[in-house]
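A.B. asks: Got a predicted model here, sequence first, then my questions.
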Amino acid sequence: MVQLLVKESKDWIGIASSLLQELSSTAVERDLKAGIPDLEIQRLRESGLLPLVVPKAYGGADGTWIEALKVVQELSQADGSIGQLYGNHLNLTALGHVSGTPEQKERYYRETAQNNLFWANAINTRDTRLKISPEGEDFRVNGVKSFGTGIASADLRVFSAVQDGVEFPLLFVIPKDRSGVVSNQDWDNIGQRRTDSNTFTFHNVLVKKDEILGYPHPPDSAFSTFLGIIAQLTKTYVYLGIAQGAFTAAKQYTTTITKPWITSGVDSATKDPYIQHHYGELWTELQAAILLADQTAVKVQQAWEKDVKLTTEERGEVAIAVFSAKAFATKAGLNITNRIFEVMGTRSTGTKYGFDRYWRDLRTFTLHDPIDYKFKDIGNWVLNQEFPLITQYS
């Protein structure tokens with residue numbers, strides 16, 4: 001069913017595959033260099049992939065979430081950083097649709113399609129250091145915000161800030177040229193090194209009243225929090241892409257470079273029964289994770305098409321499916337990116353190959369959302385039929 005839906009529209013996967021080949025050739029160099037991903041985002045801009053999920057009525061490509069998520073998976077094979085950046089961008093292009101007013105929905109969809117805009121964010125509601133205060137009809141923002149992933153290269157930037165006396169953080173969208181926003185250029189982590197996920201300092205930054213998102217219409221609908229669920233599945237496809245990239249790279253290395261173990265009794269690593277066994281296990285695990293995610297993507301698309309008619313129960317059922325797919329992909333991905341060295345051998349640890357970047361990218365990413373809590377939510381639903389708490393920021 002997933003393949004049929006994808007084939008009926010433009011070959012976005014083919015476009016992503018071409019980018020995969022290009023980005024793969026420089027992945028190790030870019031990982032070592034880190035820095036701002038201007039080159040990668042420019043190639044995304046030139047590819048036509050930026051308005052993929054923008055509806056045709058607003059000038060977009062009218063792609064489904066099924067297609068979009070497979071593109072995320074494809075790109076993540078080459079580089080976990082670009083997969084994350086593009087996945088975040090897709091979610092944010094639909095932010096006005098789900099969490100904004102009808103006017104914001106139309107405005108941001110049209111602007112994205114007409115101007116080929118790239119989106120990035122530093123929502124991170126656990127970091128409450130960024131404060132927003134009213135100033136007449138508008139607002140001023142001061143403080144610090146962490147995990148500004150891709151912000152330096154983005155045309156439109158989404159942040160969350162806390163206002164005194166308001167229970168939930170406010171989301172706002174500002175353009176790249178808004179003065180007073182300073183990147184501290186302090187992202188130097190072991191993985192996701194090309195996401196440019198820096199801390200930002202705000203110095204009395206103006207936020208206009210129509211740049212504050214919300215409230216959706218109707219404000220209490222299950223659909224108003226549905227983008228958080230889609231974001232969870234988007235991360236799942238980043239994990240799958242990284243794992244798939246690691247598996248493919250390991251297979252290429254094993255078939256061309258790896259030597260058989262001295263006591264194996266075979267003349268080729270590909271004939272070693274233990275290496276074959278490991279590959280069989282890893283392949284099966286990867287295929288199971290992909291299949292579960294693809295089945296879940298169909299459910300997400302069906303729920304998305306219901307729009308504001310989506311019920312709370314339907315949202316909860318999709319959330320359980322997404323949590324299950326994400327938890328399984330996390331375990332499978334970490335296992336695959338770790339165990340590839342068992343099938344490649346000692347020489348594969350050479351820095352020039354950069355095979356460790358797959359594990360580093362995945363491990364850095366998955367620490368943001370521990371799967372223990374996903375399994376707990378799933379178990380609570382199994383035992384007590386209680387759906388997980390879903391918020392606008394999930």
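C.D. replies: Great, that's in hand. Numbers count the residues shown, from 1 in each chain.

A.B. asks: Give the burial count for Thr364, as a bare number.
C.D. replies: Using other C-beta atoms under 10 Å, Thr364 is surrounded by 19 other residues. C-beta: built from backbone N, CA, C; applies to glycine.

A.B. asks: In space, what's closest to it - neighbours in sequence excluded?
C.D. replies: Distances taken as C-beta to C-beta, 6 or more residues apart in numbering place Gly191 nearest to Thr364, at 3.3 Å, with adjacent residues excluded.

A.B. asks: Distance check, Glu106 against Thr93.
C.D. replies: 13 Å (C-beta to C-beta, to the nearest Å).

A.B. asks: meant to ask about Gly83, not that
C.D. replies: Gly83 is 16 Å from Thr93, where distance means C-beta to C-beta.

A.B. asks: Of those two, which one has the most company?
C.D. replies: The neighbour comparison of Gly83 against Thr93 (other C-beta under 10 Å) goes to Gly83, with 33 against 25.

A.B. asks: Name the SS class of the more buried one, please.
C.D. replies: Classification of Gly83 by DSSP: H, G, I helix; E, B strand; the rest coil places it in helix.

A.B. asks: That one contacts Gln244, doesn't it?
C.D. replies: No: the pair Gly83 / Gln244 is not scored as a contact, 10.6 Å apart, by C-beta atoms under 8 Å.

A.B. asks: Might you report the residue contacts of Thr391?
C.D. replies: Thr225, Gly228 (C-beta atoms under 8 Å, 6 or more residues apart in numbering).

A.B. asks: same thing with Asp369?
C.D. replies: Taking C-beta under 8 Å, 6+ apart as the test, what Asp369 contacts is Gln232, Lys235, Lys326.

A.B. asks: out of these, who has the most neighbours?
C.D. replies: Neighbour tally across those (other C-beta under 10 Å): the maximum, 26 neighbours, falls on Lys326.

A.B. asks: What pLDDT is listed against the nearest residue to that residue once chain neighbours are set aside?
C.D. replies: Closest residue in space to Lys326, ignoring its immediate chain neighbours: Thr236 at 4.4 Å, by C-beta to C-beta, 6+ apart. Looking at Thr236, its pLDDT reads 98.

A.B. asks: and if you look at Glu111?
C.D. replies: 98.

A.B. asks: which residue packs closest to it, ignoring adjacent ones?
C.D. replies: Spatially, and ignoring its direct neighbours in sequence, Glu111 is nearest to Leu117 (6.0 Å; C-beta to C-beta, 6+ apart).

A.B. asks: Tell me if I'm right that the one you found and Leu50 touch.
C.D. replies: Yes: contact criterion C-beta under 8 Å: Leu117 and Leu50 qualify, at 6.8 Å.

A.B. asks: helices or strands next to whichever strand or helix holds the residue nearest to Lys326 in the packing?
C.D. replies: Using DSSP states H and E, Thr236 maps to helix 226-256. Secondary-structure packing of helix 226-256 (3 or more C-beta pairs under 8 Å, 6 or more residues apart in numbering; DSSP states H and E): helix 65-78, helix 80-93, helix 95-99, helix 273-306, helix 312-344, helix 356-366.

A.B. asks: Would you mark the buried spots in that helix?
C.D. replies: 226-247, 249-251, 253-254 (16 or more other C-beta atoms under 10 Å).

A.B. asks: now swap in stretch 157-172 and tell me
C.D. replies: Arg157, Val158, Phe159, Ser160, Ala161, Val162, Gln163, Pro169, Leu170, Leu171, Phe172.

A.B. asks: what secondary structure does the first one sit in?
C.D. replies: What that stands for is Arg157. Assigned by three-state DSSP, the conformation of Arg157 is strand.

A.B. asks: Show the contacting residues for it.
C.D. replies: By C-beta under 8 Å, 6+ apart, the contact set of Arg157 is Trp119, Ala120, Asn121, Ala122, Gly148, Ile151, Val173, Ile174, Pro175, Lys176, Arg178, Val181.
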